[in-house]
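J.: fold the following and give me the result.
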Amino acid sequence: MDVIAIVNRGFRDTIKIFEDQSVKAYMPELIKKNARQLTPHQANQTVRMTSVRWVVEALNGRLKNK
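T.: Model (predicted):
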């Protein structure tokens, strides 16, 4: 079974640690220097990750209010 972590950009320095532990870590893409926008593939990946994270954050918000 694969272990997957969807992280925000604050974890960009720990991606190597995740990989060393055989955890697949996915993070929204960063725009490269001298680029004005993400490629269509990068943008689609970022939207997918954001939608997954939104569901988790919404659930956390509900749990905090109870």
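
J.: at which residues are the helices of the chain located?
T.: 15-20, 40-65 (DSSP state H).

J.: alpha carbons of the shortest one, as CSV, please.
T.: In this case it means helix 15-20. What follows is helix 15-20, C-alpha atoms only, in CSV (Å, rounded to 0.1, in the frame of the first residue of the first chain):
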residue,chain,number,x,y,z
ILE,A,15,9.9,16.6,0.4
LYS,A,16,13.3,14.8,0.4
ILE,A,17,12.5,13.4,3.9
PHE,A,18,9.2,12.1,2.7
GLU,A,19,10.8,10.4,-0.3
ASP,A,20,13.4,8.8,2.0
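
J.: any stretches of the protein with poor pLDDT?
T.: For the chain, the stretches with pLDDT under 70 are 1.

J.: which residue is nearest the centroid of it?
T.: With distances taken as C-alpha atoms, centre = their mean, the residue of the chain nearest its centroid is residue 27 (3.0 Å).

J.: isn't that residue up against residue 10?
T.: No: Residue 27 is beyond contact range of residue 10, at 9.2 Å (criterion: C-beta atoms under 8 Å). Using the backbone N, CA and C atoms, a C-beta is placed for each residue, glycine as well.

J.: just the residues contacting stretch 46-61, thanks.
T.: 6, 8, 26, 27, 28, 29, 38 (C-beta atoms under 8 Å, 6 or more residues apart in numbering).

J.: now the third one: closest residue in space that isn't a chain neighbour?
T.: So the one you mean is residue 26. Excluding the flanking residues, the one nearest residue 26 by C-beta to C-beta, 6 or more residues apart in numbering is residue 6, at 5.1 Å.

J.: so how far is residue 15 from the closest residue to the residue nearest to the centre of the chain other than its chain neighbours?
T.: Nearest non-adjacent residue to residue 27, counting by C-beta to C-beta, 6+ apart: residue 7, 5.2 Å away. Remark: distance between residue 7 and residue 15 (C-beta to C-beta, to the nearest Å) = 8 Å.

J.: for these two, list the residues in contact with both.
T.: Counting by C-beta under 8 Å, 6+ apart, the contacts common to residue 7 and residue 15 are 25, 27.
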